[in-house]
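*Asks:* Structure, please.
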Amino acid sequence: MSDVTAAAQTDLSAYTTLRLGGPAGTLTVATETDEVLERARKATAEKRPLLILAGGSNVVIGDAGFDGEVVLLRNRGIRVVEEQADSVVVRVFAGEPWDDFVAYAVDRGFSGIECLSGIPGSAGATPIQNVGAYGQEVAHTIVAVHAYDREHDSIRAMSPLECGFAYRASVFKHNDRFVVLQVDFRLARSAESAPIRYAELARNLGVEAGDRVSLRHARDTVRKLREHKGMVLDPADHDTWSVGSFFTNPVVSAAEWAELGLDAPHWPGDDGTVKIPAAWLIEQAGFPKGFAGDGVAISSKHTLALTNRGTGTTEALLGLARTVRDGVRERFGVDLHPEPVLINCAM
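*Replies:* A predicted model of the protein is given here:
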């Protein structure tokens, strides 16, 4: 049986981690997949804009809101759908809170997503963004994304290749053709983490890069790191009223990197590209932690987080983002690009 209700609060600021965003045209809560499909089909037939909103952790919604169909995704569930001697495939409903799923995996000795602990938002949002942190990203473990294709009115099990995973991107991002319903992850049966790839995490774990630790140790350490940076939601802490990292780390070709001539930390890629830490660029361009705008500010804990201090607006936040972007471009000739999806607003 489907279960949909009109949301008590139609102002979208109530459903985003930034606590920003204006009213919705129509706002409903869907707790079952059938109802998500029904609302998506209805919006398509009526040619109305459709916004699927779950955790609201990677979206910036304009002050004017969204004059269309907004569906709050609350369909939850986790189940093992395939078992091998050394691995399992776990199917997660799109509305399941992501960190609850990570806790489920760690508790059962399923390895592969433990370094993604503490990330806010829903499981269904992770393939859209190809969420990653501390050396892991969901593209490493996703084997299928079950999505409703609005163009062909069909449900598809999309392979990783069809998902078009890239750095913080996929075929689902900036594209309302698909509605993610469920995601399948292949996880190793192991009490130990995947090899630790991220230098900062290895230092905090007291191990060398490439070593393994217990799943619990990895999860607890990652959560502590994220909490220290204000990247775990806390309603009482305005430093967590953000979308996490607002800008992606710029990726340039080897030739572009040489031309820039920067004495900066960087990470060479397997394809010859070079990734430059956006946080370093921002700080060196003159925007320290705590740099403030009108009711908004760079987090006092993490340079990449732009935060609502409780009295901010979306336009004020984007104004701060433009100031930072333009300052980095002027200082270094490097363009910063927003990581979250911008809804009815623009940089």
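*Asks:* mind giving me the domain ranges of the protein?
*Replies:* 4-73, 78-228, 238-343 (automatic domain parsing).
*Asks:* Pipe the ones you listed into TSV and attach mean neighbour count and mean pLDDT per row.
*Replies:* In this view, the C-beta of every residue, glycine as well, is placed from N, C-alpha and C. Output for the domains of the chain, formatted as TSV (neighbours: other Cβ atoms under 10 Å; pLDDT from 0 to 100):
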stretch	mean neighbour count	mean pLDDT
domain 4-73	19	92
domain 78-228	19	97
domain 238-343	18	96
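*Asks:* Helices of this protein, residue ranges please.
*Replies:* Assigned by DSSP state H, the helices in the chain fall at 33-45, 98-107, 126-129, 160-163, 199-205, 215-228, 254-260, 278-284, 314-332.
*Asks:* what's the spacing between the residue lying closest to Glu137 once chain neighbours are set aside and Gly295?
*Replies:* Nearest non-adjacent residue to Glu137, counting by Cβ to Cβ, 6 or more residues apart in numbering: Asn130, 5.6 Å away. Using Cβ to Cβ, to the nearest Å, one gets 31 Å for the distance from Asn130 to Gly295.
*Asks:* ok, His238 touching Gly310?
*Replies:* Yes: His238 is within contact range of Gly310, at 5.8 Å (criterion: Cβ atoms under 8 Å).
*Asks:* Tell me which residues touch Thr313, please.
*Replies:* Applying Cβ atoms under 8 Å, 6 or more residues apart in numbering, one finds that Thr313 lies in contact with Leu20, Asp63, Asp294, Gly295, Val296.
*Asks:* which residues sit in contact with the second one?
*Replies:* With contacts defined as Cβ under 8 Å, 6+ apart, Asp63 is in contact with Leu20, Gly21, Gly22, Thr313, Thr314, Glu315, Cys345.
*Asks:* Which members of these define the maximum pairwise distance?
*Replies:* Spatially, the most separated pair among these is Gly21 and Glu315, at 11.6 Å (Cβ to Cβ).
*Asks:* Mutual contacts of those two, please.
*Replies:* Listed as contacting both Gly21 and Glu315 by Cβ under 8 Å, 6+ apart are Gly62, Asp63.
*Asks:* Any idea how far apart the tips of stretch 196-214 sit?
*Replies:* With Cα to Cα, to the nearest Å as the measure, the first residue of stretch 196-214 is 11 Å from its last.
*Asks:* which outside residues touch it?
*Replies:* Residues outside stretch 196-214 that contact it (Cβ under 8 Å, 6+ apart) are 115, 134-136, 191-195, 217-218, 221-222, 224-225.
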